[in-house]
Each structure stands twice: as structure tokens, then as C-alpha cells.
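1. sequence unavailable; structure follows:
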């Protein structure tokens, strides 16, 4: 599975250090950083756990242009966890992000610095890094080239 650019190779390089000891990545495989992360884990021979926010997520939220990017890692995942929500909404996205954090032993957060869109993405769950640190999880923030930091 081809990665898409310099940012993706940088993420793969960061993850490669963890692959030596058996890499398991947990991702919601949403468009963008989530899918890139999932591809990087799989390209390194790692085990992927896909966390899907709701039963209707694939059918109602995955756009045709992103379908292959979602389906490829979803089908290759060693485990797929579907959160107990019929419909993808803010509560389902937050639950999926919390499940991802619960399963993690290291958080890699990729953010472009832009404000959130209200659908549970990195900016909407900026508290995840704080929660991970509070739980004494290591946190690595990955800033793509051109990202703007506000703090």
C-alpha cells in the first residue's frame, strides 16, 4: 500500500522504531491522518485495530472518493471494533476516540493546526493528548509541513 508523501514517510519512520518490538496501531481510519497512520502501521507489518464510530459509519459517512482508503485497512485489520451506536454523530465519534485512547500505550497525534469541524477529529479532541499525558501515556505530536501552531 503506497504512502502518499513526505509527511507519510516521516510518520512511518517514527513508527518504525516501535515496529521492532511488535507494532499494534489503533485507528478510526477516517480520511486524512487516520488512514495514513493505518497504512503506515500495515506497511511496517504491524497489527491494526480499526475502531468504527457506529454501525452506519461506512454507509453514511465514508465518501466514494475515500472508500478505497477506508476499505483497504478496514479489511486488513486484525480486529474491528464497532462502537455501540446505530448512527455516526458527535457522541459516537467521541466514544470511538475514547476507545482508541483506552487501547493505546502511545499516542501519535497528527494535526494540521486548523480548527475542528465538529466531527471528532484531532482538533475536536485536542483534550485527548492532555488525557493521554494525565494517564502517563507517551504522546508524540506530528506536525505536517506547513501546519500552524496556535500555542
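-> Structure's in. What do you need? This one's a predicted model, so the numbers in the text were calculated from it and none came from an experiment.

2. all helices for the chain, in order.
-> With DSSP state H, the ranges of helices along the chain come out as 6-19, 33-43, 57-61, 67-76, 90-103, 127-134.

3. and the contacts of the first one?
-> Put plainly, it is helix 6-19. When contacts are defined by C-beta atoms under 8 Å, 6 or more residues apart in numbering, helix 6-19 is touched by residues 3, 23, 25, 36-37, 39-41, 43-46, 106, 108, 110, 140, 142, 144-145. No exception for glycine: its C-beta is placed from N, CA and C like everyone else's.

4. ChimeraX command to pick out the buried ones of these?
-> Only the buried entries of the contacts of helix 6-19 go into this ChimeraX selection, using 16 or more other C-beta atoms under 10 Å:
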select :23,25,36,37,39,40,41,43,44,46,108,110,142,144
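
5. returning to what we had before: can I get the helices of the chain in CSV including mean pLDDT and distance to residue 82?
-> Listed next are those as CSV, based on pLDDT from 0 to 100; distance: least, C-beta to C-beta, whole Å:
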stretch, mean pLDDT, distance to residue 82
helix 6-19, 76, 25
helix 33-43, 91, 16
helix 57-61, 96, 8
helix 67-76, 96, 11
helix 90-103, 91, 9
helix 127-134, 70, 20
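
6. in this protein, which residue is most central in space?
-> residue 34 (3.2 Å; C-alpha atoms, centre = their mean).

7. distance of it relative to residue 134?
-> Distance, residue 34 to residue 134, using C-beta to C-beta, to the nearest Å: 23 Å.

8. same question for residue 141.
-> 16 Å.

9. the longest strand anywhere in the chain vs helix 67-76, what angle?
-> If you go by DSSP state E, the chain has its longest strand at strand 47-52. Using axes from the mean of the first three to the mean of the last three C-alpha atoms, to 10 degrees, the direction of strand 47-52 lies 120 degrees away from that of helix 67-76.
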